[in-house]
Structures are given as structure tokens and as C-alpha cells.
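**Student:** Got a sequence here, can you model it:
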Amino acid sequence: MGKKSKEKDPEKDLEKESPKEKEKKDKAKKEKKEKKSKDKVQQIATAPRIVVDAMGGDYAPREIVKGAVEAARELNAELVLVGQQEAIQNELSHYDLEGARISIHPAEDVIGMDEDPVRAIRRKPNSSIVAGMNLIKNGQADAFLSGGSTGAITAAGLLILGMKKNIKRPALAIVFESPAGPVLFLDVGANADCKPQHLVHFAQMGNIFMQKIFNVPTPRIGLLSTGEEATKGNKVARSTHATLAKGQLNFIGNVEGRGLIQGNADVVVTDGFTGNVVIKLFEGLGELLSKSAKQSSDNESIPAQTKGPILNYAPGALLLGVNGNVIKTHGRSDSIMLKQAIRVAERMVRQRILETIGT
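**Tutor:** Numbering: from 1, shown residues only. Below you'll find the model as predicted:
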């Protein structure tokens, strides 16, 4: 009998070629992924999709819808109003929407200011805040704005979006103009009680933010306290001071309240309870002085700096540390403030702030 000719086993041939083929396939997949990422970046750069909670705030939905319509006319962005459809449609009927990229995402429930945040989020999955956060989570939008419950917004950010790597707590941050330049102040309401490690994380997030957004090479980091000495402040402040002093950040030490508004530091960190009290104190004082100026018979005799707000800051606080672009707008925002906040959101998306935090 003649020898049987050996038939080629195609599977063995594939096994022999698999290392090179695998390398080619992996390279092709990587290139495809990079292209997809670039396309997404290009899409965001062209027209970010920004979701606005139409039910959040003292003047919702009237002023919210008005501000969104004005922003849609002026900005290269698509706006999505989330909330009670009929109420939103009634407000939109007052405007000429030609050329405005604006749509409605129905969500019939509203989370009240007096509701327990976590329970409300779980009991009201069809609320405007939860629906808006889910649009971010599912990749259907690039940013979310709400003037609703601070607690609910923070809790939804934690439970729905999740935290960035190496960050334990989110922080609400505002940027205001001081005589020395922009200052990032956080936390202004997300965490009433903080541990030293949380304040350290806030400092780290603030450091990255100021480097990337305001091009400050080595931001000066300050800790809000009752005195400039390292021994001043409560136990948390003293422990935080000791940790920051040993770290790699440009920590300049404690900053008093007057140092905050004078711009003695580029980033000032504190717990959310203290930060919220400070901000509302300045807001109230500014309103009082402004009102006094208007009632005065001789306005020119009043110093110019007392005729406006004490702190000139963006009409929204950034929720830093979560996996999504979230802005908490002021509860008393009118259409003008809302439009400005939408501008901030657009900039936040275009400059890819989210990607600079927690990396």
C-alpha cells in the first residue's frame, strides 16, 4: 500500500499563524476603538447634548424653560428638558423654536426639597433628577443641570453615576473671582460631615481642576480654618493640615475667611456644612448691601464694591468626583442665571473636565 498523503489540518495552520494574526487583529481593534473615541470627541466638540431639569428650582418650569430656549438659540448645543411633559410643552408654546435644538424627555415625578434624598431616588425612578442622571449614565447625554434638592442630586450622582477612581466622596465646587484671580472653593454642600481623607481628596481634585482649566501650574492649596496657624481649627482641620503638609501638593496652610475672598489661595477646601454656610452668608450680605444701596438717597456715597454681590461666581456648582458632568444650579436661578449655567456645562463638556478628575 502506498503511503497516505498527509492532509493539511486547517485548524493547526491557524494555530501556527495565530500569534501574528492575533497581533494584527488586536492592532485593528485598537485602531477602531481609537477612531470611535475620536469620533465621539468630535461629536461632543460639535454639539454637546445637555440635559436640564425643568422641574428643579423655585421658578420652575417657567424660568428654566425660558433660559433653556435662549441658550439653545445662542449655543452650538442640543438641549433636553427633562420633567413633566405637559407643563414643559405649555411653556415652550410661548416661544418661536425655529433654529433651537431643544427636546423633551418625559419624567412625571418630582423630588421635593424636604424628602429624604436616598429614599426619594429609590421610590421615584421616574423623577426628573433620576431620569436626567440615567441619560448621562447610558451615554445619551454629556451633562446634567438641576436646581433641585442638593441632597438628591448628590445621592443620585453617587448611586447612579458612581465615583471616579481613587475618589471616596464627591464635592460641590464653585469658582469665583477674587482680586488675585479665580478661586475654586469646595465643598459647598455635598458632604456635611467629612473625614481628613475626604478633604485631601477635595484638594487633589481642585489641584487638577485649576491646572487643566485655568492653566495654573502649581495651584496654591489652602484649608479654610479659624486661624492661619497649624494648631488652629477643630480636630478634622488639624489632622487634614498635617496630611496636606506632608503631601506633594503646593499646600500653603490654613486660610481664614477673609483670605478666602482675597484670593490668598487658588483652591480652598472645607467640609460641605461650613462651605454652604459661607456661601449663603456672602450671598445674603451681598443682597443686603445691594438693597441698602438702592434705598439710599445718595448712592454715589456708597463704595462701589458694596453695590453688587460679595462673591462673583458662576451660577452653578460643579459636582466633582462622579462619573458624569453634573452642575447644581442655584435654587433661585432665573432664566439669565440658567442660561449662564448651561454655558458653563457646555464648556465643561468641551474642555473634557471629567477626564481630568480621578485619573
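
**Student:** Please, where are all the helices along this structure?
**Tutor:** For the chain, the helices defined by DSSP state H occupy 10-46, 62-74, 85-92, 117-123, 128-137, 150-156, 196-213, 235-246, 257-262, 272-295, 335-350.

**Student:** Show me which strand runs longest in the chain.
**Tutor:** In the chain, ranked by residue count with DSSP state E as the criterion, the top strand is strand 171-178.

**Student:** could the helices of the chain go into JSON lines alongside mean neighbour count?
**Tutor:** Quick note: C-beta positions are derived from backbone N, CA and C, even for glycine. Output for the helices of the chain, formatted as JSON lines (neighbours: other CB atoms under 10 Å):
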{"stretch": "helix 10-46", "mean neighbour count": "10"}
{"stretch": "helix 62-74", "mean neighbour count": "22"}
{"stretch": "helix 85-92", "mean neighbour count": "17"}
{"stretch": "helix 117-123", "mean neighbour count": "17"}
{"stretch": "helix 128-137", "mean neighbour count": "25"}
{"stretch": "helix 150-156", "mean neighbour count": "26"}
{"stretch": "helix 196-213", "mean neighbour count": "22"}
{"stretch": "helix 235-246", "mean neighbour count": "17"}
{"stretch": "helix 257-262", "mean neighbour count": "16"}
{"stretch": "helix 272-295", "mean neighbour count": "16"}
{"stretch": "helix 335-350", "mean neighbour count": "21"}
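
**Student:** can you tell which of those helices is closest to Gly162?
**Tutor:** Across those, Gly162 has its closest neighbour in helix 128-137 (8.4 Å, CB to CB).

**Student:** Just the angle for the closest one relative to helix 85-92, thanks.
**Tutor:** Using axes from the mean of the first three to the mean of the last three CA atoms, to 10 degrees, the inter-axis angle of helix 128-137 relative to helix 85-92 is 90 degrees.

**Student:** And the average pLDDT for helix 128-137 is what?
**Tutor:** The average pLDDT for helix 128-137 rounds to 97.

**Student:** can you redo the helices of the chain as JSON lines with distance to Ile357?
**Tutor:** Listed next are these as JSON lines, based on distance: least, CB to CB, whole Å:
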{"stretch": "helix 10-46", "distance to Ile357": "17"}
{"stretch": "helix 62-74", "distance to Ile357": "25"}
{"stretch": "helix 85-92", "distance to Ile357": "32"}
{"stretch": "helix 117-123", "distance to Ile357": "22"}
{"stretch": "helix 128-137", "distance to Ile357": "15"}
{"stretch": "helix 150-156", "distance to Ile357": "16"}
{"stretch": "helix 196-213", "distance to Ile357": "5"}
{"stretch": "helix 235-246", "distance to Ile357": "18"}
{"stretch": "helix 257-262", "distance to Ile357": "22"}
{"stretch": "helix 272-295", "distance to Ile357": "17"}
{"stretch": "helix 335-350", "distance to Ile357": "11"}
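
**Student:** hey, least reliable of those helices by pLDDT?
**Tutor:** Here the lowest mean pLDDT among the helices of the chain goes to helix 10-46, at a mean of 56.

**Student:** so what's Leu260 up against?
**Tutor:** Residues counted as contacts of Leu260 (CB atoms under 8 Å, 6 or more residues apart in numbering) are 183, 185, 222, 224, 268, 278.

**Student:** wait, doesn't the first one sit right on Gly259?
**Tutor:** This means Val183. No. The pair formed by Val183 and Gly259 falls short of the contact definition of CB atoms under 8 Å, at 10.1 Å.

**Student:** Find residues that contact each of those two.
**Tutor:** Both Val183 and Gly259 are contacted by Ala265, under the criterion CB under 8 Å, 6+ apart.

**Student:** Could you list everything the most centrally placed residue in the chain pairs with in the sheet?
**Tutor:** Centre of the chain computed as the mean C-alpha position; nearest residue by CA atoms, centre = their mean is Leu318, 2.9 Å away. The residues listed as beta-bridge partners of Leu318 by DSSP bridges are Ala173, Ile327.

**Student:** so what's it up against?
**Tutor:** Counting by CB under 8 Å, 6+ apart, Leu318 has contacts 172-174, 326-327, 344, 348, 353.

**Student:** Mind doing that once more with 10 Å?
**Tutor:** Applying CB atoms under 10 Å, 6 or more residues apart in numbering, we find Leu318 in contact with 170-175, 184, 186, 188, 205, 209, 213, 325-328, 344-345, 348, 353-354, 357.

**Student:** Max pairwise distance over the contacts of Leu260: which two?
**Tutor:** Most distant of the contacts of Leu260, by CB to CB, are Gly222 and Val278, 13.2 Å apart.

**Student:** Distance check, Phe209 against Asn134.
**Tutor:** Remark: distance between Phe209 and Asn134 (CB to CB, to the nearest Å) = 26 Å.

**Student:** Local confidence estimate at Lys8?
**Tutor:** Looking at Lys8, the pLDDT reads 49.

**Student:** Dig out what Gly83 forms beta bridges with.
**Tutor:** Pro106.

**Student:** Now do the contacts for it.
**Tutor:** Contact analysis of Gly83 by CB under 10 Å, 6+ apart lists 52-56, 60-61, 64-65, 104-110, 127-129, 131-132.

**Student:** Mark which of those are buried, thanks.
**Tutor:** 52-56, 60-61, 64-65, 104-105, 107, 109-110, 127-129, 131-132 (16 or more other CB atoms under 10 Å).

**Student:** How about Ile167: what's its closest non-neighbour residue?
**Tutor:** Excluding the flanking residues, the one nearest Ile167 by CB to CB, 6 or more residues apart in numbering is Gly321, at 4.3 Å.
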